[in-house]
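Asks: Curious how this folds, go ahead:
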Amino acid sequence: MSRAGTPEPGRRPSIADHAAVPSVLALGGLLLIAGISLVLLFGGGLPGGSGGSGRGNGQGNTLRTPNPSVIFTPEPSVDAPPPFVGTILFAQDGNIWSMSDRDVRQLTDGGSDAMPAWRPDGSGIVLVETKERRTRIPYGGEMSEYVLDYPVIVSTAADGTGREVIKSGLYKLDGGADRYYFSWLLQPDISPDGATIAMVSDAPDPFDLDVGLSLMPVGGGRVNNLGLRQAPGLGHNDPAWSPDGKRIAFTYNARDGAVGAPRIAVYTVANKKVRFVTGDGLAQPSWSPDGTFLAAVRTDGDGRDVVIVRASDGTVVERLTTDGRSFAPTWSPDGSGIAYLNLTSDGADLRLIHLGAPTAADGVPTIVDDIALTTDTRLDPESRPAWFIPPELMPTPASPSPDASASASASPAP
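Replies: Numbers count the residues shown, from 1 in each chain. Predicted coordinates for the structure are as follows:
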């Protein structure tokens with residue numbers, strides 16, 4: 001929340017009743033502006049509870065990079081194959097872009113969009129748009145004017161047209177005209193059956209709830225905050241549906257003193273139970289297509305790097321980057337690669353790790369190469385890349401050999 005004017009130093013607005021605005025905003029809201037991985041990236045510590053407000057338009061809260069350059073992709077050789085299959089979405093200066101083969105297109109142009117996610121069939125995109133609304137709340141014994149920056153979940157066609165609001169976080173407060181507040185609606189991810197959006201939110205009641213794993217019908221409606229366990233005031237981040245739609249991996253935010261200590265957890269939809277997959281220092285999960293592994297970010301004293309984690313027991317089985325400046329991994333739907341963001345002095349660039357067939361019995365894929373998809377582009381680091389591959393371009397599953405089928409048929413039931 002940013003007041004139109006200069007508030008008294010060291011003071012927050014004085015709220016006389018519960019139906020206005022909390023006098024102290026939750027630390028989880030602060031973290032959710034960028035996600036826990038960005039908190040880790042920019043210094044490794046967590047902000048204190050008395051830090052700046054997370055629900056306004058003050059310049060200190062924005063993560064959009066200034067003066068963005070034009071998208072540039074390295075010039076390929078004439079005979080070079082396409083660098084990847086399908087289409088990857090990313091954000092630059094508050095606009096959503098797509099990259100297919102070597103064709104880069106700007107899909108939105110309002111300067112207020114972030115966090116794109118594909119519909120499972122590739123027919124459209126959901127994203128988070130930031131809008132503004134003036135509101136009046138009590139401060140210093142009188143009504144003062146503020147400007148709220150609030151999130152809206154938006155749907156578009158795959159080319160960015162046909163923009164429609166699915167869910168707005170803004171709502172009207174009692175007590176007079178121009179009194180508003182809002183809930184966070186962030187990091188949407190659509191279930192494989194296309195029916196449900198997982199996100200992190202403090203809806204439907206930000207006065208009583210922290211920002212946590214939540215579900216909402218893809219067409220809009222009530223947000224169901226699952227009320228899962230949290231470290232007090234820190235909330236969750238990075239929801240990611242498993243390929244079979246039965247589980248949601250997410251980041252459980254925690255701290256060790258002033259240092260972030262996130263863990264990856266998995267929520268099982270059927271029994272509504274949560275299992276911690278990893279120990280401290282791992283965040284931003286992205287499932288492999290077969291659900292065996294998770295691409296993730298590991299944070300330690302050397303920085304932040306992309307790793308592969310075994311989903312069953314949280315073991316780190318491969319370190320994919322070693323520069324300490326890599327984050328936001330997204331596993332391709334065909335399993336051929338992992339796209340990720342690499343921090344630069346001005347923002348972030350998009351890179352791609354090509355994966356090869358495993359060479360060991362543990363099934364861990366091998367690293368073929370690590371290439372730049374953009375150079376000096378200053379991408380918005382709070383928006384993870386999103387990847388879609390049309391069914392006709394997906395590899396055909398290998399048929400089991402007759403011997404394997406016979407062996408499986410003869411095996412006793414577990």
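Asks: which stretches of the stretch 201-350 of the chain have low pLDDT?
Replies: Scanning the stretch 201-350 of the chain for pLDDT under 70 picks out 301.
Asks: Give me the neighbour count for residue 387.
Replies: Using other CB atoms under 10 Å, residue 387 has 23 other residues around it. In short, each C-beta sits where N, CA and C put it, glycine included.
Asks: What of residue 364?
Replies: If you count neighbours by other CB under 10 Å, residue 364 ends up with 15.
Asks: Could you pull out the strands in the stretch 51-200 of the chain for me?
Replies: Taking DSSP state E, counting those that start in this stretch, the strands of the stretch 51-200 of the chain run over residues 87-92, 95-100, 103-106, 113-118, 124-139, 142-157, 164-168, 170-172, 180-182, 185-190, 196-201.
Asks: Looking at those strands, which is nearest to residue 368?
Replies: Taking CB to CB, strand 87-92 is the member of those nearest to residue 368, at 17.6 Å.
Asks: What strands line up against the closest one, and which way round?
Replies: strand 95-100 (antiparallel), strand 386-388 (antiparallel) (DSSP bridges).
Asks: Next one: residue 394 from residue 83, what distance?
Replies: Going from residue 394 to residue 83 by CB to CB, to the nearest Å gives 17 Å.
Asks: what about the two, which has more around it?
Replies: residue 83 (19 against 14).
Asks: just for the stretch 51-200 of the chain, where's the confidence low?
Replies: For the stretch 51-200 of the chain, the ranges with pLDDT under 70 are 51-81.
Asks: try it again with 80
Replies: Counting by pLDDT under 80, the stretch 51-200 of the chain contains low-confidence ranges at 51-82, 101-102, 137-141, 143.
Asks: Between the two ends of stretch 181-189, how far is it?
Replies: End-to-end distance of stretch 181-189 (CA to CA, to the nearest Å): 24 Å.
Asks: swap in stretch 273-289?
Replies: First residue to last in stretch 273-289 (CA to CA) measures 22 Å.
Asks: and what of stretch 92-103?
Replies: Terminal residues of stretch 92-103 lie 16 Å apart, using CA to CA.
Asks: residues making contact with that stretch?
Replies: Applying CB atoms under 8 Å, 6 or more residues apart in numbering, the contact partners of stretch 92-103 are 64-65, 68, 71, 73, 76, 82-84, 86-91, 104-114, 116, 125, 127, 130, 160, 350, 373-374, 377-380.
Asks: now the strands paired with strand 87-92 as TSV including distance to residue 143?
Replies: Formatted as TSV, the strands paired with strand 87-92 follow (distance: least, CB to CB, whole Å):
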stretch	distance to residue 143
strand 95-100	36
strand 386-388	42
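Asks: Buried deepest among those strands, which one?
Replies: strand 386-388 (a mean of 23; mean count of other CB atoms under 10 Å).
Asks: just how off-centre is that strand within its chain?
Replies: How far strand 386-388 lies from its chain's middle: 13 Å, per CA atoms, centre = their mean, to the nearest Å.
Asks: Let's test this: mean pLDDT of it, rounded?
Replies: For strand 386-388, the mean pLDDT works out to 98.
Asks: which residues does residue 362 contact?
Replies: Counting by CB under 8 Å, 6+ apart, the residues that residue 362 touches are residue 317.
Asks: Then it would be within a strand, right?
Replies: No: with DSSP: H, G, I helix; E, B strand; the rest coil as the criterion, residue 362 is coil rather than part of a strand.
Asks: Any idea which of the strands of the stretch 51-200 of the chain gets closest to residue 288?
Replies: Comparing the strands of the stretch 51-200 of the chain by CB to CB, strand 185-190 comes nearest, at 15.6 Å.
Asks: Which residues outside that closest one are in contact with it?
Replies: 32, 35, 115, 117-120, 126-128, 151-153, 167, 169, 196-201, 203, 211, 218, 223, 237-241, 248.
Asks: one more time with 6 Å
Replies: 32, 115, 117, 119, 126, 151, 153, 169, 197-201, 239-241 (CB atoms under 6 Å, 6 or more residues apart in numbering).
Asks: Can you tell me the SS state at residue 392?
Replies: Three-state assignment for residue 392 (three-state DSSP): helix.
Asks: And it, how far from residue 386?
Replies: From residue 392 to residue 386 the distance is 20 Å (CB to CB).
Asks: Okay, and the beta partners of the closest residue to residue 315 other than its chain neighbours?
Replies: Nearest in space to residue 315, with sequence neighbours left out and distances taken as CB to CB, 6 or more residues apart in numbering, is residue 309 at 6.8 Å. Beta bridges link residue 309 to residue 294, residue 316 when assigned by DSSP bridges.
Asks: Show the contacting residues for residue 309.
Replies: Neighbours of residue 309 in contact, by CB under 6 Å, 6+ apart: 294, 296, 316.
Asks: now, which of these sits nearest residue 346?
Replies: Relative to residue 346, the closest of those is residue 296; by CB to CB it sits at 25.4 Å.
Asks: List the residues that contact the closest one.
Replies: Residues counted as contacts of residue 296 (CB under 6 Å, 6+ apart) are 282, 284-285, 307, 309.
Asks: Secondary structure element holding it?
Replies: Using DSSP states H and E, residue 296 sits within strand 293-300.
Asks: List the buried residues for that strand?
Replies: 293-299 (16 or more other CB atoms under 10 Å).
Asks: May I ask which two of the contacts of strand 185-190 are separated the most?
Replies: The most widely separated members of the contacts of strand 185-190 are 32 and 119, with 23.4 Å between them, by CB to CB.
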